[in-house]
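**Student:** no sequence on this one, just coordinates:
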């Protein structure tokens, strides 16, 4: 190993410890927020439920295990649906789909939004103008009706739901990343980086992305919330995949079975509560992260 | 002010232009025959189809189709519906449905706004009191609820258990009204469910924005001046704080018009309210693409106009704003 390589390795190692320490500092602050801990707890709970679903669900979610429309009992905690499937098991398995779609769709959303925001903010000029016009358009158009229209064009299914959400929900991230990039671009350290002859790509990757990342993270939690709610809405309206029922899908079946007008509350309440709790969990995390990242908010 | 007006107007027009371009191509990215979305449906008679192919230039290159599409659009020709067997899309949208949606959206947005502003002001004033905490929790809960689920709960509780609201529709089927008042009463009775659902789903958002805005205003110097002048709390709060804090709400309302279309789609579907939202849902289910394309244009025009108006009103109210 040459001395140069060794030095490079040393730098890498130092950087690792810096990030490690920053993460530690962040966690110390985060731990003080009871709302943040509550949110994390809720999300972890659902993650665990999703992971161990096959072991904790009493029945196969697709099997006809009883008479239709049974009331809640010890055998069927949330009763049975119109064809005699166990609602409790369906809700447990629904966790997997709702969580998966929420995370994957928002993940793509964040990537699209960040790239557009970075390019737009860093390059400026006409690329910025064009990209921001497009962002404005998507920001201003009603997303749910647009999602429905796209879903109608693309067809049913989980993959299409993810695509539809990802394609239409990236605007907020793009806006935020752009404005951050604009201000970071003018800071001395980016100027220094450019002055010693770094490429644009290097400057963005080394100096801008690490500084934008924390805000993207806090924003990402809200993106997850949006994605979960959008998925629930689309599935409720019947665009889900019947072979992979999410909570929204369970509610779709409840609606088609006339659960509201027949008073089958056990069919309606549990899936809705789950959606609500999961959304709250991510919202709490986002709120606490925001408080740590924006000290201005803490003072007020 | 004139420059600002022109600048905003131009930008609104550009956005609208982009929306129309998007709308044109969105319905042509479908797999299979590109003309399928415009005419190629078994529910339309061959004669009508022939006329449409000619009108929209469907046998010609894409750019000619686009030019013809824009031309037809400007003349108010949005094509014909599949599910209603050839009825003009424009007459489907601009009829009872638009009226119903307008009444429902207008009333719930107004009520939610008023409650949100007043409650937000009081909550910010009595920060960290029981009132404040419970209203914050309320808005958090309503924010986390899917709108359609809230609607289902309201039907379950007030429709099924209490039997106090009709479960679906815009009016009682098969009834003849002796006078206008009776008609209005039945209409409003049917509107209760969707109205309450939409209002609840929007109060929380308004409330939080207003509360934040007031808390911001409290840190301003003129608040200290007002206090130093010896004004009563009431005057400080409603004359000075609330007025200044309401300013950001103007742009919030414009954004909210966008969200209302989404909320209306859900709510109208759950309550079978005969409006634009339900039309979107039905058109999607029935693969009625011309209607969807038409609704898209109308929606774009409405939200872009709303945002443009908000920009203007904002600038009129706050002379500091000049982009």
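**Tutor:** Yep, that arrived. Since we're looking at a predicted model, the values are computed, not measured.
**Student:** What segments of the stretch 1-150 of chain A are helices?
**Tutor:** A:3-31, A:34-51, A:53-56, A:87-123, A:125-140, A:143-154 (DSSP state H, counting those that start in this stretch).
**Student:** Tell me the bridge partners for the spatially closest residue to residue A:59 that is not a sequence neighbour.
**Tutor:** Leaving aside its sequence neighbours, residue A:59 sits nearest to residue A:86 (C-beta to C-beta, 6 or more residues apart in numbering or on different chains; 4.0 Å). (Each C-beta comes from the backbone N, C-alpha and C, glycine too.) Note on residue A:86: beta-bridge partners by DSSP bridges are residue A:80.
**Student:** was I right about residue A:86 contacting residue A:64?
**Tutor:** No. Counting by C-beta atoms under 8 Å, residue A:86 stays clear of residue A:64, with 9.5 Å between them.
**Student:** Comparing these two, which residue is more hemmed in?
**Tutor:** Shown here are residue A:86 and residue A:64; by other C-beta atoms under 10 Å in any protein chain shown, residue A:86 has more neighbours (26 against 14).
**Student:** On the pLDDT front, check the more buried one for me.
**Tutor:** At residue A:86, the model reports a pLDDT of 86.
**Student:** Could you verify my assumption that residue B:138 touches residue B:201?
**Tutor:** No. Using C-beta under 8 Å, residue B:138 makes no contact with residue B:201, being 11.8 Å away.
**Student:** Comparing these two, which shows the higher neighbour count?
**Tutor:** residue B:201 (24 against 15).
**Student:** check contacts around the residue most central in space within chain A.
**Tutor:** Central residue of chain A (C-alpha atoms, centre = their mean): residue A:224, 1.9 Å from the mean position. Listed by C-beta atoms under 8 Å, 6 or more residues apart in numbering or on different chains, the contact partners of residue A:224 are A:102, A:103, A:106, A:282.
**Student:** try 6 Å
**Tutor:** A:102, A:106, A:282 (C-beta atoms under 6 Å, 6 or more residues apart in numbering or on different chains).
**Student:** the helices in chain B, which residues?
**Tutor:** Applying DSSP state H to chain B gives helices spanning B:2-26, B:46-55, B:62-74, B:89-93, B:96-125, B:130-144, B:147-154, B:180-218, B:221-228, B:233-235, B:242-245, B:247-271, B:276-285, B:289-317.
**Student:** And the fifth one, what's buried?
**Tutor:** Along helix B:96-125, the positions that meet the burial threshold by neighbour count (16 or more other C-beta atoms under 10 Å in any protein chain shown) are B:97-98, B:100-101, B:103-105, B:108-109, B:111-113, B:115-117, B:119-125.
**Student:** do the same with the fourth one
**Tutor:** For helix B:89-93, the buried set under the neighbour-count rule, 16+ other C-beta under 10 Å, comprises B:89, B:90, B:92, B:93.
**Student:** Write out the residues of chain B neighbouring chain A.
**Tutor:** B:15, B:18-19, B:30, B:144-146, B:148-149, B:152, B:155-156, B:160, B:167, B:258, B:261-262, B:265, B:280, B:284, B:292, B:299, B:303, B:307 (C-beta under 6 Å from any C-beta of the partner chain).
**Student:** Can you report how many residues lie near residue B:293?
**Tutor:** Neighbours around residue B:293, by other C-beta under 10 Å: 22.
**Student:** Between helix B:289-317 and the least confident helix or strand in chain B by mean pLDDT, find me the angle.
**Tutor:** One helix or strand of chain B scores below all others by mean pLDDT, DSSP states H and E: helix B:46-55, with a mean of 72. Interaxial angle, helix B:46-55 versus helix B:289-317 (axes from the mean of the first three to the mean of the last three C-alpha atoms, to 10 degrees): 50 degrees.
**Student:** Could you pull out the buried residues of helix B:46-55?
**Tutor:** B:49, B:52, B:53, B:55.
**Student:** gap between residue A:188 and chain B?
**Tutor:** 28 Å (C-beta to the nearest C-beta, to the nearest Å).
**Student:** list the contacts for the closest residue to residue B:198 other than its chain neighbours?
**Tutor:** Here the nearest residue to residue B:198 in space, its sequence neighbours aside, is residue B:108; by C-beta to C-beta, 6+ apart that works out to 3.8 Å. Residue B:108 sits next to B:195, B:198, B:199 when contact means C-beta under 6 Å, 6+ apart.
**Student:** ok, now with 10 Å
**Tutor:** B:191, B:194-203, B:260, B:263-264, B:267 (C-beta atoms under 10 Å, 6 or more residues apart in numbering or on different chains).
**Student:** Then residue A:213?
**Tutor:** Residues near residue A:213 by C-beta under 10 Å, 6+ apart: A:114, A:177, A:180, A:220.
**Student:** Out of these, which comes closest to chain B?
**Tutor:** For the contacts of residue A:213, the residue nearest chain B by C-beta to the nearest C-beta is residue A:220; the value is 17.3 Å.
**Student:** my guess is that closest one meets residue A:106, correct?
**Tutor:** Yes. Using C-beta atoms under 10 Å, residue A:220 is in contact with residue A:106, at 6.4 Å.
**Student:** Might one say that residue A:185 is in contact with residue A:212?
**Tutor:** No. If you go by C-beta under 10 Å, residue A:185 and residue A:212 don't touch, sitting 11.1 Å apart.
**Student:** list residues touching both of residue A:220 and residue A:106?
**Tutor:** A:113, A:173, A:282.
**Student:** So which bits of stretch B:192-210 are buried?
**Tutor:** Buried residues in stretch B:192-210 (16+ other C-beta under 10 Å): B:192-210.
**Student:** thinking again about what came up before, just the buried ones from the residues of chain B next to chain A?
**Tutor:** B:15, B:18-19, B:144-146, B:148-149, B:152, B:155-156, B:160, B:167, B:258, B:261-262, B:265, B:280, B:284, B:292, B:299, B:303, B:307.
**Student:** Around residue B:248, count how many other residues there are.
**Tutor:** 16.
**Student:** and it, what does it touch?
**Tutor:** For residue B:248, counting by C-beta under 10 Å, 6+ apart, the contacting residues are B:209, B:210, B:212, B:213, B:216, B:217, B:314, B:318.
**Student:** Excluding chain neighbours, what is closest to the second one?
**Tutor:** If I follow you right, that is residue B:210. Residue B:210's closest residue in space is residue B:120 (C-beta to C-beta, 6+ apart), at 2.8 Å.
**Student:** quick revisit: which pair of the contacts of residue B:108 spans the longest distance?
**Tutor:** B:191 and B:203 (17.3 Å; C-beta to C-beta).
**Student:** What segments of the stretch 201-300 of chain A are helices?
**Tutor:** A:209-236, A:247-256, A:259-262, A:265-293, A:295-299.
**Student:** Go through the second one and flag the buried ones.
**Tutor:** Buried residues in helix A:247-256, counting neighbours by 16+ other C-beta under 10 Å, are found at A:247, A:248, A:249, A:250, A:251, A:252, A:253, A:254, A:255.
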